[in-house]
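Enquirer: one predicted model, sequence on top.
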2 protein chains.
Amino acid sequence: MGGSGSSTTLLPLLFLARLSGLLVAGLVLFWALAFNTSFLPHSATASNDYFVYSVLHPLFMVIGFILISGEAILVHRWFPGSTSLKKSVHLCLQGVALASGIFGIWTKFHGERGIVGNFYSLHSWMGLLCMSLFGVQWMMGFMSFWHRGVVRRVRRKVLAWDVFVGLYTYGLAVATAETGLLEKVTLLQTKRNLCKRCMESIVVNGLGLALVLLSGIVILAAISPKYHHHHQALKTKLLYSSSDRDTKEHFSST
Amino acid sequence: MGGSGSSTTLLPLLFLARLSGLLVAGLVLFWALAFNTSFLPHSATASNDYFVYSVLHPLFMVIGFILISGEAILVHRWFPGSTSLKKSVHLCLQGVALASGIFGIWTKFHGERGIVGNFYSLHSWMGLLCMSLFGVQWMMGFMSFWHRGVVRRVRRKVLAWDVFVGLYTYGLAVATAETGLLEKVTLLQTKRNLCKRCMESIVVNGLGLALVLLSGIVILAAISPKYHHHHQALKTKLLYSSSDRDTKEHFSST
């Protein structure tokens, strides 16, 4: 992907991924702490727990689920040590992200509406789909990668699917977060007359754009070749293979 | 990506992409036609044009922008003929999608608030970013691919970037559409007391999930190898290149 040499080509991408991750974490924390009245219950009858769980939901979904699963994706690009060590760190981080995601969804069940009452919006439908995909994939990864007896060819296919479904689920998680941010701000603007250009709206919109930036950098870092001169195949990861003629044209100088 | 032979491996994916595309088109048309009162102006003073433009916005953004740009992505995977013919069809379709997108955004300027008044929500910020990326990339693609004199190595790099940025922009367009659907339904639910489990909410949420499905299939079709036995490099598109040892392990049987 336009790299110009050794393994150092990935360093700027990894740095940018952490920088945008810090920006995302900072913005979601700033939103939760500085504008915490936005998370107070709508009705006076709601319990006080609602406030705490309502603040915890974005924190656990954004920092616990999205940022940690992003770090898990990046483990393969920088973590030193053996392949099996990398795999175990990857699986552990994904496990922490999964636990955070499940807890983050569970926090919504303490609100005014209970479990079924929450699953009406597109945000909740997308979230349920995303968490199911993530959970199934984590189980599959856990079983596939630790099963030493599986034929190498099967493991290679599973790996390709793991990478595709993993990045797709990560993108879906970010899209779900965007719908959640928009739902929250739209409800605040209509129900509590939050002005459309005040600080809180701008902070939440900025958080949405920072998540868009983060996801792009993480996915690019995940698919970029680590060693430019190492293996020609790695340079061609995202090239089209539209026809014999195309392919010959692309690879004629390799 | 788990294909088992010749070029026929792509056919089921292309078929599924069109099937989910038809589902998306059907749902957005059904929403616009059967529930058109949802698009009526909020205030009595708004002009009658508002209604027409308000209905046209989702139609042009979903069918005109997302579905046609998805078809443009898939052109490289099935369209017969020479590379330059494929490229021209790809660029033409992207041009139609860009025009639809620009018209789709323009329709919002006929509402109650004018141009600047519309750019307050996360949906509008994401849409602006997405359309800018798409426009810049279309211009770059137009200039790069039709410039015959450019060195082959530069063109290969540009192609890899074109594919990455293209698929990223496509994903961003789908995420932006999700936020738009959620914003519309949330406003209807709070301002007009649309019930949370009635037909219209379910149709719009179904449209959101159909878009999630469509984007996954289109991206998978775009990165899947067309010819399984053609070039070993193509099989490795989405494999990690985490270290020498990893790479040797992945490719040891190739």
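Expert: Cool, got the structure. This one's a predicted model, so the numbers in the text were calculated from it and none came from an experiment.

Enquirer: let me see the mean pLDDT of stretch A:69-88.
Expert: The average pLDDT within stretch A:69-88 is 90.

Enquirer: can it be found next to chain B?
Expert: Yes - Stretch A:69-88 is in contact with chain B by CB under 8 Å from any CB of the partner chain, via A:76-77, A:82-83, A:86. No exception for glycine: its C-beta is placed from N, CA and C like everyone else's.

Enquirer: and the biggest helix by length in chain A, how far from the chain's centre?
Expert: Looking across chain A with DSSP state H, the single longest helix is helix A:152-191. Mean-position distance between helix A:152-191 and its chain equals 6 Å (CA atoms, centre = their mean, to the nearest Å).

Enquirer: check stretch A:123-137 too.
Expert: For stretch A:123-137, the distance to the chain centre is 12 Å (CA atoms, centre = their mean).

Enquirer: contacting residues around it?
Expert: Applying CB atoms under 8 Å, 6 or more residues apart in numbering or on different chains, the contact partners of stretch A:123-137 are A:69, A:94, A:97-98, A:101-102, A:105, A:118-119, A:162, A:165-166, A:168-169, A:172-173, A:175-176, A:179-180, A:183, B:178, B:182, B:205, B:208-209, B:212.

Enquirer: the strand or helix carrying A:V52 packs against which elements?
Expert: Taking DSSP states H and E as the criterion, A:V52 maps to helix A:49-59. The contact analysis (3 or more CB pairs under 8 Å, 6 or more residues apart in numbering or on different chains; DSSP states H and E) places helix A:49-59 against helix A:10-34, helix A:83-106, helix A:152-191.

Enquirer: where are the low-confidence patches of chain A?
Expert: Residue ranges of chain A with pLDDT under 70: A:1-8, A:42-47, A:111-117, A:145-151, A:226-254.

Enquirer: so which bits of the helix or strand containing A:A210 are buried?
Expert: Using DSSP H and E, the element containing A:A210 is helix A:199-223. Applying a neighbour-count criterion of 16 or more other CB atoms under 10 Å in any protein chain shown, one finds A:200-201, A:203-223 buried in helix A:199-223.

Enquirer: so which of the residues you listed also contact chain B?
Expert: A:201, A:204-205, A:208-209, A:212, A:216, A:219-220, A:222-223.

Enquirer: got the contact list for A:A72?
Expert: Going by CB under 8 Å, 6+ apart, A:A72 touches A:89-90, A:93-94, A:97.

Enquirer: that older thread, after the helix holding A:V52, heading C-terminal, what element do we hit next?
Expert: helix A:68-78.

Enquirer: quick check: angle from that following helix to helix A:199-223?
Expert: If you take axes from the mean of the first three to the mean of the last three CA atoms, to 10 degrees, helix A:68-78 sits at 30 degrees to helix A:199-223.

Enquirer: and the angle from helix A:68-78 to helix A:152-191?
Expert: Using the same axes, to 10 degrees: helix A:68-78 against helix A:152-191 is 140 degrees.

Enquirer: output helix A:68-78 as PDB, restricted to C-alpha atoms.
Expert: Extracted as PDB, the C-alpha positions of helix A:68-78 are listed here (Å, rounded to 0.1, in the frame of the first residue of the first chain):
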ATOM      1  CA  ILE A  68      -9.500  -2.800  22.800                       C
ATOM      2  CA  SER A  69     -10.700  -4.900  19.800                       C
ATOM      3  CA  GLY A  70      -8.800  -2.500  17.600                       C
ATOM      4  CA  GLU A  71      -5.700  -3.100  19.700                       C
ATOM      5  CA  ALA A  72      -6.300  -6.800  19.300                       C
ATOM      6  CA  ILE A  73      -6.300  -6.400  15.500                       C
ATOM      7  CA  LEU A  74      -3.000  -4.500  15.600                       C
ATOM      8  CA  VAL A  75      -1.300  -7.100  17.900                       C
ATOM      9  CA  HIS A  76      -0.200  -9.000  14.800                       C
ATOM     10  CA  ARG A  77       1.500  -5.900  13.300                       C
ATOM     11  CA  TRP A  78       3.900  -5.000  16.100                       C
END
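
Enquirer: same list (the contacts of A:A72) but as TSV, adding distance to B:W138 and neighbour count.
Expert: Output for these, formatted as TSV (distance: CB to CB, whole Å; neighbours: other CB atoms under 10 Å in any protein chain shown):
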residue	distance to B:W138	neighbour count
A:V89	41	16
A:H90	37	23
A:L93	38	18
A:Q94	37	22
A:A97	36	24
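
Enquirer: from the residues you listed, which is closest to chain B?
Expert: Nearest to chain B among these, counting by CB to the nearest CB, is A:H90 at 9.7 Å.

Enquirer: which residues touch the residue nearest to that closest one when sequence neighbours are not counted?
Expert: In space, A:H90 comes closest to A:V75 once its chain neighbours are excluded; the distance is 4.7 Å by CB to CB, 6 or more residues apart in numbering or on different chains. By CB under 8 Å, 6+ apart, the contact set of A:V75 is A:86, A:89-90, A:93.

Enquirer: now render the residues you listed as a markdown table, adding distance to A:G127.
Expert: Output for those, formatted as a markdown table (distance: CB to CB, whole Å):
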| residue | distance to A:G127 |
| --- | --- |
| A:K86 | 29 |
| A:V89 | 26 |
| A:H90 | 23 |
| A:L93 | 20 |
